[in-house]
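J.: Coordinates for the following, if possible.
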Amino acid sequence: MSGFVEKPEPVQVPGLTHLHTGKVRDLYRNEAGDLVMVASDRISAYDWVLPTEIPDKGRVLTRLSLWWFDLLADLVPNHVLSTELPAGAPADWEGRTLVCTSLDMVPVECVARGYLTGSGLVEYEESRTVCGLALPEGLTDGSELPAPIFTPATKAAVGDHDENVSYEEVARQVGAETAALLRQTTLAVYGRARDVARERGIILADTKFEFGFQSTPEGDRLVLADEVLTPDSSRFWPADQWQPGRAQSSYDKQFVRDWLTSSASGWDRKSEQPPPALPQEVVQATRAKYIEAYELLTGSTWS
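T.: Here you go, the predicted structure:
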């Protein structure tokens, strides 16, 4: 069993229809048919959405995504129409709300990996492959790959694991032409972001993107959606601390994961019991990591 420890009730706003409550984002549709995406301060770990929030997390994710969308606009269009707060929305939505084009979403998580870790490492240790792609012998946790690879996954419901799949399976699901476009675009965006992050002393180990199609008079076009290149969707490592062969320091929710699996939490990850609330020191340390990632990448001071 997993999912929400305490599932929140959606905020009711005149003129908006609530569509979905995700791990982090709440999704609405406005009267014009556009999507309204609100990034909460919720945090998830080990397939649970925890009962404790991380202050400002949703605003960090939103502001960082907007920064990346601008940097990537020449490679792929994005779904953002406006950051204006919908009429009647609560003041707390300020800075965490995007009004977006409604897309025909591709049912695939588009993952790019430049380094070996996580579920990719698990598969590599079993078969010397990741998503069916053969890799050389001798790689270890944190190793840089010979070249970035496209390792797609199925989208999972809240509480379930995304499942890595082969490129051939993606082509079967969405068609060969779309699969090729997804791979090409994913690796192009990853390559741009990897280089930008590297200039700022950060390794972009891997990341995941979501894409959808928008109908235009010229035909359907692929559009980058959801969030992009945040600590929630990416592994960012300090370049000066990178050392293959061990778990890497990271700008994400590692403090949360470490505490949950420590004796201090009293929680058994293998049990069906929900995880406990986070202590304040873990909350503050995690918030600081998200803000540090934002400031290092953008060169802007968080305020």
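J.: Next, give phi and psi for Ala171.
T.: When read as degrees, to the nearest 10, the backbone of Ala171 gives phi -60, psi -40.
J.: Just list the residues touching it, thanks.
T.: 179-180 (Cβ atoms under 8 Å, 6 or more residues apart in numbering). Bear in mind the C-beta positions are built from the backbone N, C-alpha and C, glycine included.
J.: Distance check, it against Lys270.
T.: 36 Å (Cβ to Cβ, to the nearest Å).
J.: for Arg59, helix, strand, or coil?
T.: helix (DSSP: H, G, I helix; E, B strand; the rest coil).
J.: Low-confidence stretches in the stretch 151-300 of the chain?
T.: 156-161 (pLDDT under 70).
J.: now do 90
T.: Within the stretch 151-300 of the chain, the ranges that satisfy pLDDT under 90 run 154-164, 216-219, 247, 252-255, 258, 269-272.
J.: For it, just list every one of the strands.
T.: 153-154, 163-164, 202-216, 219-225, 234-238 (DSSP state E, counting those that start in this stretch).
J.: Quick check: which of those strands is buried the most?
T.: strand 234-238 (a mean of 22; mean count of other Cβ atoms under 10 Å).
J.: Between strand 202-216 and it, find me the angle.
T.: 150 degrees (axes from the mean of the first three to the mean of the last three Cα atoms, to 10 degrees).
J.: Just the C-alphas of strand 234-238, formatted as PDB.
T.: Taking Å, rounded to 0.1, in the frame of the first residue of the first chain, the C-alpha atoms of strand 234-238 are listed here in PDB:
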ATOM      1  CA  SER A 234      16.100  15.400 -12.200                       C
ATOM      2  CA  ARG A 235      19.200  14.300 -10.400                       C
ATOM      3  CA  PHE A 236      21.500  17.300  -9.800                       C
ATOM      4  CA  TRP A 237      24.900  16.500  -8.300                       C
ATOM      5  CA  PRO A 238      27.600  19.000  -7.100                       C
END
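J.: Tell me the strands beside that strand, with direction?
T.: Paired with strand 234-238 in the same sheet, following DSSP bridges, are strand 202-216 (antiparallel).
J.: picking up where we left off before, let's have the strands of the stretch 151-300 of the chain in a markdown table, adding distance to Thr140.
T.: As requested, the strands of the stretch 151-300 of the chain are exported to a markdown table (distance: least, Cβ to Cβ, whole Å):
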| stretch | distance to Thr140 |
| --- | --- |
| strand 153-154 | 22 |
| strand 163-164 | 19 |
| strand 202-216 | 13 |
| strand 219-225 | 32 |
| strand 234-238 | 15 |
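J.: of these, which approaches Leu61 most closely?
T.: Closest approach to Leu61 among those (Cβ to Cβ): strand 234-238, 10.9 Å.
J.: what's the offset of that closest one from the middle of its chain?
T.: 12 Å (Cα atoms, centre = their mean, to the nearest Å).
J.: who's in contact with that strand?
T.: Residues outside strand 234-238 that contact it (Cβ under 8 Å, 6+ apart): 115, 117-118, 142, 197, 201-208, 248-252, 293, 297.
J.: Let's see that with 7 Å instead.
T.: Identification of contacts with strand 234-238 by Cβ atoms under 7 Å, 6 or more residues apart in numbering yields 117, 197, 201-207, 248-252, 293.
J.: farthest pair in the residues you listed?
T.: Thr117 and Gly201 (18.8 Å).
J.: what about those two, which has more around it?
T.: Neighbour count, other Cβ atoms under 10 Å: between Thr117 and Gly201, Thr117 has more, with 21 against 13.
J.: Wait, the more buried one touches Ala205, no?
T.: Yes: distance between Thr117 and Ala205: 6.0 Å, which falls inside the contact criterion (Cβ atoms under 7 Å).
J.: right, and the strands of the stretch 151-300 of the chain - which one's nearest Leu64?
T.: Among the strands of the stretch 151-300 of the chain, strand 234-238 sits nearest to Leu64 (Cβ to Cβ), with 9.9 Å.
J.: Roughly how far does Leu81 sit from Phe211?
T.: Going from Leu81 to Phe211 by Cβ to Cβ gives 17 Å.
J.: closest to Ile43 out of the strands of the stretch 151-300 of the chain?
T.: strand 234-238 (15.2 Å).
J.: and Pro274, what is it in contact with?
T.: Counting by Cβ under 7 Å, 6+ apart, Pro274 makes contact with 5, 48.
J.: at 8 Å what do you get?
T.: Here Pro274 is in contact with 5, 48, 51 (Cβ under 8 Å, 6+ apart).
J.: what separates the second one from Ser263, distance-wise?
T.: Trp48 is 19 Å from Ser263, where distance means Cβ to Cβ.
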